[in-house]
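Participant: Fold the following and give me the result.
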Amino acid sequence: MSGYDVVYNGAFHAATGACTGLNGASLGGLNLTSTTHKDAGDYTDNWAFTDVTGNYHDADGTVADKIRHWTTAGFYQPVDMSGSQLVWNTVKGGSTVPLKFNLFAGADKKTSVADVKAFAVGELACTNSALEAAVEFTTTGGTQLRYDGTAGQFIQNWQTPKASGKCYMVRMTAQDGSTIDAFFKTK
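Facilitator: Numbering: from 1, shown residues only. Model (predicted):
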């Protein structure tokens, strides 16, 4: 049996295999249906061979299958992501923040807004255990998610809630399930 290792593309994938008998005769009875997946993830799947001729022993086993997530890049300036340390981007309540990012399926750059599943915002407790960085604001044009071919990136303008002294996490989720998170504190 041969498992698969592919980048998420929205299609179903299944392991491949064949059973051969005496003198290389092709045998039916191989069941690979439990190896079929569409969503990104690592899978250990079962396969089974059931002899329909009565001449061979039944067999079963497992196969490793993998559908890899896309690679995300961003959010870019003016949002400060600063690597692995949590950064609170300080913004004036009610301001608009351009959320700029890229998505890659392997070496292929994604450019369709349909590749972005959703944006979500959640309020969080503000903590002092993070760096604070002021967000610089620029006017970037339209307010809907778009792909800017000139800049080579997606842009979503997000209007922050108007309340001051609140903290929020913004999450972009791509169609494959990969995410980008950024943290904001309103002033």
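
Participant: Just want the phi and psi numbers for the nearest residue to Leu99 once chain neighbours are set aside.
Facilitator: Residue nearest to Leu99 in three dimensions, not counting chain neighbours: Gln156, with 4.6 Å by C-beta to C-beta, 6 or more residues apart in numbering. Where C-beta positions appear, they are placed from N, C-alpha and C, glycine not excepted. Backbone torsions for Gln156, taken as degrees, to the nearest 10, come to phi -130, psi 120.

Participant: likewise Asp108?
Facilitator: phi -90, psi 120.

Participant: Quick one: neighbours of it, just the number.
Facilitator: 11 (other C-beta atoms under 10 Å).

Participant: sorry, back to before: any figure for the gap between the residue nearest to Leu99 and Lys110?
Facilitator: Using C-beta to C-beta, to the nearest Å, Gln156 is found at 14 Å from Lys110.

Participant: do Ser164 as well
Facilitator: The value you get for Ser164 to Lys110, if C-beta to C-beta is used, is 36 Å.

Participant: Please apply the same query to Arg68.
Facilitator: Counting by C-beta to C-beta, the gap from Arg68 to Lys110 is 14 Å.

Participant: Start and end of stretch 35-50, how far apart?
Facilitator: Using C-alpha to C-alpha, to the nearest Å, the end-to-end distance of stretch 35-50 comes to 16 Å.

Participant: ok, now stretch 18-33?
Facilitator: For stretch 18-33, the first-to-last residue distance is 13 Å (C-alpha to C-alpha).

Participant: Grab the nearest non-local neighbour of Asp60.
Facilitator: Closest to Asp60 by C-beta to C-beta, 6+ apart is Ala48, at 4.3 Å.

Participant: quick one, what contacts the one you found?
Facilitator: Leu30, Asn31, Asp58, Ala59, Asp60 (C-beta atoms under 8 Å, 6 or more residues apart in numbering).

Participant: hmm, who's touching stretch 9-23?
Facilitator: In contact with stretch 9-23 (C-beta under 8 Å, 6+ apart) are residues 1-4, 6, 26-30, 32-33, 35-38, 45, 47, 49, 53, 55-56, 63, 65, 67, 105, 175.

Participant: Which ones among those residues map onto helices?
Facilitator: When DSSP state H is applied, the contacts of stretch 9-23 are split such that none fall in helices.

Participant: Could you list the low-confidence segments of this protein?
Facilitator: Within the chain, the segments meeting pLDDT under 70 span 128-143.

Participant: Comparing Ser164 and Lys110, which residue is more hemmed in?
Facilitator: Taking neighbours as other C-beta under 10 Å, Ser164 and Lys110 compare with Lys110 leading, 20 against 12.
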